[in-house]
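Novice: Structure for the following, please:
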Amino acid sequence: MDLLKKVPLGDSDPLLGRRHVIPYQLSFEPLAPHTLPSLARLRVDRRLLPGDQPEEAANDIRESIGELDNYQVTVTTGEYMLPALCDPYHLGVESLMQSHRQIMGVEPDTFYGQGTFDAGGPAALGVPTVMYGVGGGDWPLGDDFVPISHLVEVAKVMAHTIVSMLG
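Specialist: Here you go, the predicted structure:
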């Protein structure tokens, strides 16, 4: 795992922050009593920024690990999530912001999280995508809940946005 510290991370994005390389799962096979595993798998979260390609990120990891004596090392691109940037002046975004102001009576909080989320897929296809909704509790590791009253308010904002865009 120390070799992962050699993975080049390059510059950061002014809105999305830095790339990272985080090992998050280590598994061994076979799992049997009194048996030494013959296979180890390490999953790594290599955060992507706009313009990054998943296969290039995997190649950076592959090159940083290099050849290890007595071990066969394979690096593959697994599941990945793409970064998402959104034009704040897009009609859909402006409509959502205006609806939020009108229904909630306050300016919506906006921010770019320091990870990638579901919005990256559609955004990569040119569909302006935002993550909008309510939070509650202590996500992601504590109690994650949404108060029903907040959900009702968000539903009103979404309905208002749709009606205002349809004219």
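
Novice: so what's the backbone phi/psi at residue 24?
Specialist: phi -130, psi -10 (degrees, to the nearest 10).

Novice: buried stuff in the longest helix seen in the chain?
Specialist: Across the chain, the longest stretch assigned as helix under DSSP state H is helix 148-166. If you call a residue buried by 16 or more other Cβ atoms under 10 Å, then helix 148-166 has these buried ones: 154, 157, 158, 160, 161. C-beta here means a position set from N, CA and C on the backbone, and glycine is covered the same way.

Novice: Show me where the protein dips below the pLDDT cut-off.
Specialist: 135-142 (pLDDT under 70).

Novice: just to revisit the earlier point, show me what the longest helix of the chain is packed against.
Specialist: helix 91-104 (3 or more Cβ pairs under 8 Å, 6 or more residues apart in numbering; DSSP states H and E).

Novice: got a list of contacts for the helix it packs on?
Specialist: For helix 91-104, contacts defined as Cβ atoms under 8 Å, 6 or more residues apart in numbering pick out 86-88, 106-108, 128, 130, 132, 153, 156-158, 160-161, 164-165.

Novice: ranges for the helices of this structure?
Specialist: 54-65, 91-104, 120-124, 148-166.

Novice: I'd like the ones you listed laid out as TSV, including distance to residue 3.
Specialist: Formatted as TSV, the helices of the chain follow (distance: least, Cβ to Cβ, whole Å):
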stretch	distance to residue 3
helix 54-65	5
helix 91-104	42
helix 120-124	27
helix 148-166	45
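
Novice: Tell me how far the closest residue to residue 151 other than its chain neighbours lies from residue 62.
Specialist: Spatial nearest neighbour of residue 151, chain neighbours left out: residue 134 (6.4 Å); criterion: Cβ to Cβ, 6 or more residues apart in numbering. Remark: distance between residue 134 and residue 62 (Cβ to Cβ, to the nearest Å) = 41 Å.

Novice: Output the longest helix of the chain in PDB with nothing but the alpha carbons.
Specialist: Output in PDB follows, covering the C-alpha atoms of helix 148-166 (Å, rounded to 0.1, in the frame of the first residue of the first chain):
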ATOM      1  CA  ILE A 148     -40.800  14.200   6.400                       C
ATOM      2  CA  SER A 149     -41.400  18.000   6.700                       C
ATOM      3  CA  HIS A 150     -38.200  18.700   4.700                       C
ATOM      4  CA  LEU A 151     -39.200  16.100   2.100                       C
ATOM      5  CA  VAL A 152     -42.500  17.900   1.600                       C
ATOM      6  CA  GLU A 153     -40.800  21.200   1.100                       C
ATOM      7  CA  VAL A 154     -38.400  19.800  -1.500                       C
ATOM      8  CA  ALA A 155     -41.300  18.200  -3.300                       C
ATOM      9  CA  LYS A 156     -42.900  21.600  -3.500                       C
ATOM     10  CA  VAL A 157     -39.700  23.100  -4.900                       C
ATOM     11  CA  MET A 158     -39.500  20.400  -7.500                       C
ATOM     12  CA  ALA A 159     -43.100  20.700  -8.500                       C
ATOM     13  CA  HIS A 160     -42.700  24.500  -8.800                       C
ATOM     14  CA  THR A 161     -39.600  24.100 -10.900                       C
ATOM     15  CA  ILE A 162     -41.300  21.700 -13.300                       C
ATOM     16  CA  VAL A 163     -44.400  23.900 -13.700                       C
ATOM     17  CA  SER A 164     -42.400  27.100 -14.200                       C
ATOM     18  CA  MET A 165     -40.200  25.400 -16.900                       C
ATOM     19  CA  LEU A 166     -43.200  24.000 -18.700                       C
END
